[in-house]
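>>> Pasted the sequence and its predicted model underneath.
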Amino acid sequence: MTTATSRATTTGAVGTAHSRVEGRDKVTGAARYAGEIPFAGLAHGRLVLSTVARGRIVSVESGPVLDMPGVLAVLHHGNAPRLETGYVGMLGVPPDPTAAVFQDDRVPHAGWPVALVVAETSEQAREAAEALTVTYEREPHDIAFSAGRSDARPADGHMPASTEKGDLDAELAASAHVVDEEYVTPEEHHAMMEPHAATALWDGGRLEVVDSNQGTTWVADELVRMFSLDASAVRVRSDHVGGGFGSKGLRAHQVSAVMAATELRRPVRVVLTRRQMFSLTGYRSPTAQRVRLGAGPDGRLRALDHRSLNQTSTVWEFVEPAAGVGRTLYDAPAHRTENQVVRLNVPSPTWMRAPGEAPGSFAMEAALDELAERCGVDPIELRLRNEPELGPVSGLPFAGRNLAACFREGARRFGWASRDPRPGVRREGHLLLGTGTAAASFPAGAMPSTAAVTAEADGTFTVRISAADIGTGARTALALVAADALRVPAGRVRVHIGDSDFGPAMIAGGSMGTRSWAWAVTAAAGELRDRLVPGGTVPPEGITVRSDTTAAVGALAQKERHSYGAQFAEVAVDVATGEVRVRRMLGIFAAGRIVNPLTARSQLIGGMTWGISMALHEEAVRDSASGDLYGGDLASYHVASHADVPAVEADWVDDHDPDDPVGIKGIGEVGIVGAAAAVANAVWHATGVRHRRLPIRPDRVLEAGGPRV
Amino acid sequence: MREFDYRRADDVTGAVALLGADPDARYLGGGTNLVDLMKTGVERPARLVDVRSLPLDRIEPAADGGLRIGATVTNSDLAAHPVVRERYPALTQAVLAGASGQLRNMATVGGNLLQRTRCGYFADVTKPCNKRAPGSGCPAVGGEHRNHAVLGASEHCVAVHPSDMGVALTAFDATVAYETTDGPGELPLADFYLPVGDTPHRETALPPGALITYVTLPPARLAARSRYRKVRERASYAFAIGSVAAALEVSDGVVCDARLAFGAVASRPWRARLAERVLTGAPATAEYFAAAADAELAAARPLPGNGYKVTLLRNLVVAVLSELAEEATR
């Protein structure tokens, strides 16, 4: 235990609601996003994507396009500079070749970048890009994702592919109740509001990239390695970001913009279209999961078997580790989990809000609901009976596991005690009503970061850290953290983020951004406060203290560290039309100390809204003939509309990470975990029909049938 | 961007003259569909004739007791009009079930009838589509067609018409008035859309260069008790996967008169005349409502992936007619 925790509470900025420091700029349009910042002499690049799903580029007919008005260049594999791709980046993975554009003639999937057309105006670039003729030698493609593919292979990704203990067959055989079901989740896309956009320019021998990303030092580091540049020669800035969700790292737009800016010696901007984003910026792979649960008569688990298959591209491996969810959440004497991938002619998937946990919790928490039904045990009671003492796979102690507190508080507020467990019996006019619940957990961690805090001569303070505010309110949260560490009002602190020149820092990702940055800010601010002499003067250039948390973070004891939550949903189902509407939702979370309740609540509600969307709406459909996405736009790819999002309430129980200087765990992703399962479980409670394939569309509800009203 | 000529017309004669017989010219109403299609390259008009400032923005009582709706009346104004709300409530409900408030403020009545299908193959210029590129094929038949047609389609095209408004107008026997350089003309909405056949790219019976000027609704006593029910894959801002516009007159438990039209099942709003015939004179009970739906849907030819629409429409007909019958007896 550290002593830092008590110090952090002294002025009380942390834990009280503050509206976003840049909120006014955002709602008045004063905040500039990457695609709208003016540059003198700006040229515009437009990517051209493959129309075949597999094959080779035979020719790129640049000639006619170069004669079109305003066209400056056509970059493609025949003339683009060679890139270095044989490295492992900051996040421990090699670069996705989709971003390392124009390196060879192969086409591994539909929507693969094959050329960049650069022109004086974006309209000219667009017209020329659409006119560019690219011929292909087409080869047969394979995009058929399904369970039971013979070419599926166990794959590690960010965690070991498989874990196994105990005798699964024996425990299943000895179980009084067994659930053995398959669950399927579709391809889902980040669909953030702001499209990917970057401007690249050379200025005084330095490459500058003005971008929209989740980590400026991350993207800068990738560009340094890919273009074999000196680390000090690259600066990446990203001031405001209209959503990221895992998609905004290094992508084709930054790399092609850098290529063009280098070639043309002038600033070049590349903005992706919505349709292009569907194949260039990652997505959540579909999953096919099989869950086998065996339990004694009292519902205590004897066997847990969770296997998940996801697809990846033929050029990059991404594991959606859905089977990882049970490794920390539930124990059983026989416990086996495995993640598998199959390589198809599809775009590369990537991290998307709660990778693994989002689809994995749907399968696991739906299976537990089925087990509760079979055991005749209340779903919450079933989970409480299966609370592990230690990490089921790791054997490590938990650094705070407040899942039970979430369920108890949630049950009280949701009115769970009066719930009739029988399905298909609550009617209201032509509607069937039901309620459901599910557990949520997501890893809580910290990554090394650096920060600088300056005491200015005018009595204010400036924080500089290459954090990213992707809509979470990070800028505001860090001001509160710094104010507490400095013991000054938050109004005296300004925070500058989104600039790789501020030094290495964690990305906005993995639910670790705020915790990692707050640690570095607290360290620098605390030391600065110690240095300031009461009543002393501050020189005109100010006094700056820098911090680096590498050693402190590295010294963290090995423990099971997670945020938790209990999700509750009530749905109304019209079995005559198949329409499912969520009526209310409640999420109670144990996610460490909450820095800014105002934005934290927003973020948790946002995650739960994603859960509604995942349960009922989101699904990217691939056309088998072309291998391309069918309906790659936001009219066809449905995310929940406002009318789909009813009274959603998010709150939290007291929780505190004693090993963190501020007590933070992380809230970025836990809000979506379990949310889709809670909705699906409520649909079963309403109709008596289990839907194990998402989304629960009207046609599926209609075809599954159910009691008529 | 492809350059195009933009002209603003001040009167109907001028608008028709500006467009002339140019097959590459388009009238621009609210632009809520055409401009999107221009951005994606589906439409590449050489000339736009903006008709928004034409004096066609009024809703007026017609001499026969019906209603004459100007072609540039916005969806929002149409839905909010007190006479429409009172005498043709299904029309208000249909309009409000579509798009978003912002789009309805821009979209016009004439444009609504002429909007294009939202078939994903039609919208993607890299894919074949007989409607967009005649003769290139229809990938929807063997591909994605969950929201495609079950009635009146052909092997050449299975796209559905996306309009909600049009479904209510079809149920109420609307007539479309238009102007051409050769003078005015009229088409019953029932004959406005052409059968798909092997020419899915030819969508309406309007003569070349015609400008829709008015949509007229005949008086219909039963329309005052009418309903539009739309089913979609999210609660708002999505096109129908099935919809029903219905009006019912019931006397002593027997249906005296009925109007019924379906949306999202065919290349046009689908008037269910067979069902209406079964209903007229039949007891106003769920059993007969189902029989009426079955009579209409007997012609349905669903594809492997959209058979649910037949069940959905049958259920919708029973649900909506039952509600109307219940109201009638109250």
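Looks like it arrived, so ask away. Numbering: from 1, shown residues only, chains lettered A, B, ... in the order given.

>>> Only C-alpha atoms from now on, for both contacts and neighbour counts.
Will do.

>>> Around residue 94, how many other residues sit close by?
I went with chain A, as the question did not name one. A:Pro94 sits with 15 neighbouring residues when counted by other Cα atoms under 10 Å in any protein chain shown.

>>> wait, chain B
Neighbour number of B:Ala94 under other Cα under 10 Å is 24.

>>> Show me what the helix or strand it falls within is packed up against.
Here B:Ala94, judged by DSSP states H and E, is contained in helix B:89-96. Judged by 3 or more Cα pairs under 8 Å, 6 or more residues apart in numbering or on different chains; DSSP states H and E, helix B:89-96 is in contact with helix B:75-80, helix B:82-87, helix B:165-171, strand B:226-232, strand B:240-251.

>>> Include mean pLDDT, distance to chain A and mean neighbour count when you put those into TSV, please.
TSV is the format used below for the helices and strands packed on helix B:89-96 (pLDDT from 0 to 100; distance: least, Cα to the nearest Cα, whole Å; neighbours: other Cα atoms under 10 Å in any protein chain shown):
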stretch	mean pLDDT	distance to chain A	mean neighbour count
helix B:75-80	98	19	22
helix B:82-87	97	23	16
helix B:165-171	98	18	29
strand B:226-232	98	7	24
strand B:240-251	97	9	26
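
>>> Which one of those lies nearest to A:Arg561?
strand B:226-232 (41.8 Å; Cα to Cα).

>>> Each with direction, which strands does the closest one pair with?
strand B:240-251 (antiparallel) (DSSP bridges).

>>> Please put the alpha-carbon coordinates of the following helix or strand past the partner strand into PDB.
Toward the C-terminus, strand B:240-251 is succeeded by strand B:254-263 as the next helix or strand (DSSP H and E). Below are the C-alpha coordinates for strand B:254-263, written out as PDB (Å, rounded to 0.1, in the frame of the first residue of the first chain):
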ATOM      1  CA  VAL B 254     -68.800  -6.600 -40.700                       C
ATOM      2  CA  VAL B 255     -66.200  -4.900 -42.800                       C
ATOM      3  CA  CYS B 256     -68.000  -2.500 -45.200                       C
ATOM      4  CA  ASP B 257     -64.900  -1.000 -46.800                       C
ATOM      5  CA  ALA B 258     -61.100  -1.400 -46.400                       C
ATOM      6  CA  ARG B 259     -57.900   0.100 -47.700                       C
ATOM      7  CA  LEU B 260     -54.700  -1.800 -47.400                       C
ATOM      8  CA  ALA B 261     -51.200  -1.200 -48.700                       C
ATOM      9  CA  PHE B 262     -47.800  -2.800 -47.900                       C
ATOM     10  CA  GLY B 263     -44.400  -1.200 -47.800                       C
END
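
>>> Determine the set of other helices and strands touching the helix or strand just after strand B:254-263.
Later in the chain than strand B:254-263, the nearest helix or strand by DSSP H and E is strand B:270-271. The elements that strand B:270-271 packs onto, with contact taken as 3+ Cα pairs under 8 Å, 6+ apart, are helix B:165-171, strand B:254-263.

>>> rerun that using 7 Å as the cut-off
strand B:254-263 (3 or more Cα pairs under 7 Å, 6 or more residues apart in numbering or on different chains; DSSP states H and E).

>>> who's in contact with the helix holding B:Ala94?
Where contact means Cα atoms under 7 Å, 6 or more residues apart in numbering or on different chains, the residues beyond helix B:89-96 that reach it are B:75, B:79, B:84-85, B:164-165, B:168-169, B:224, B:226-228, B:245.

>>> of those, closest to A:Gly611?
Using Cα to Cα as the measure, the one of those that approaches A:Gly611 most closely is B:Asp164, at 29.3 Å.

>>> Leaving out chain neighbours, which residue sits closest to the closest one?
B:Ala94 (5.2 Å; Cα to Cα, 6 or more residues apart in numbering or on different chains).

>>> next one: A:Glu387
A:Tyr330 (6.7 Å).

>>> In contact with that neighbour, which residues?
A:Asn386, A:Glu387, A:Pro388, A:Pro392.

>>> Look up how far A:Gly491 lies from whichever residue of the stretch 51-200 of chain B sits closest to chain A.
Closest residue of the stretch 51-200 of chain B to chain A, Cα to the nearest Cα: B:Gly120 (4.7 Å). Distance of B:Gly120 to A:Gly491, given as Cα to Cα, to the nearest Å: 51 Å.

>>> Neighbour count: those two, which is higher?
Set B:Gly120 next to A:Gly491 and count neighbours by other Cα under 10 Å: B:Gly120 wins out with 23 against 12.

>>> residues in the stretch 101-250 of chain A within reach of chain B, list them.
A:Glu123, A:Gln124, A:Arg126, A:Glu127 (Cα under 7 Å from any Cα of the partner chain).

>>> Repeat the analysis, applying 8 Å as the threshold.
A:Glu123, A:Gln124, A:Ala125, A:Arg126, A:Glu127 (Cα under 8 Å from any Cα of the partner chain).

>>> top of these by neighbour count?
A:Ala125 (29 neighbours).

>>> a helix runs through that one, doesn't it?
Yes. Under DSSP: H, G, I helix; E, B strand; the rest coil, A:Ala125 sits within a helix.

>>> Would you quantify the distance from it to A:Val268?
11 Å.

>>> related to what we said a few turns ago, can you report the mean pLDDT over the residues of the helix holding B:Ala94?
Helix B:89-96 shows an average pLDDT of 98 in the prediction.

>>> what do you get for stretch A:530-538?
On average, stretch A:530-538 scores 89.

>>> do the same with stretch A:62-69
98.

>>> one step back: enumerate every residue touching the residue of the stretch 51-200 of chain B closest to chain A.
A:Tyr630, A:Gly631, A:Ser636 (Cα atoms under 8 Å, 6 or more residues apart in numbering or on different chains).

>>> same thing but 7 Å
A:Tyr630, A:Gly631.

>>> Give me the pLDDT for residue 6.
Let's take chain A. pLDDT, read off for A:Ser6, is 36.

>>> switch to chain B, that's the one I care about
97.

>>> name the helices or strands packed onto the longest helix anywhere in chain B?
When chain B is parsed with DSSP state H, its longest helix is helix B:308-329. On a contact count with 3+ Cα pairs under 7 Å, 6+ apart, helix B:308-329 meets helix A:698-704, strand B:240-251, helix B:286-297.

>>> ok, now with 10 Å
Secondary-structure packing of helix B:308-329 (3 or more Cα pairs under 10 Å, 6 or more residues apart in numbering or on different chains; DSSP states H and E): helix A:698-704, strand B:226-232, strand B:240-251, strand B:254-263, helix B:286-297.

>>> Of the contacts of A:Tyr330, grab the buried ones for ChimeraX.
The following ChimeraX line selects those of these that are buried, judged by 16 or more other Cα atoms under 10 Å in any protein chain shown:
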select /A:386,388,392
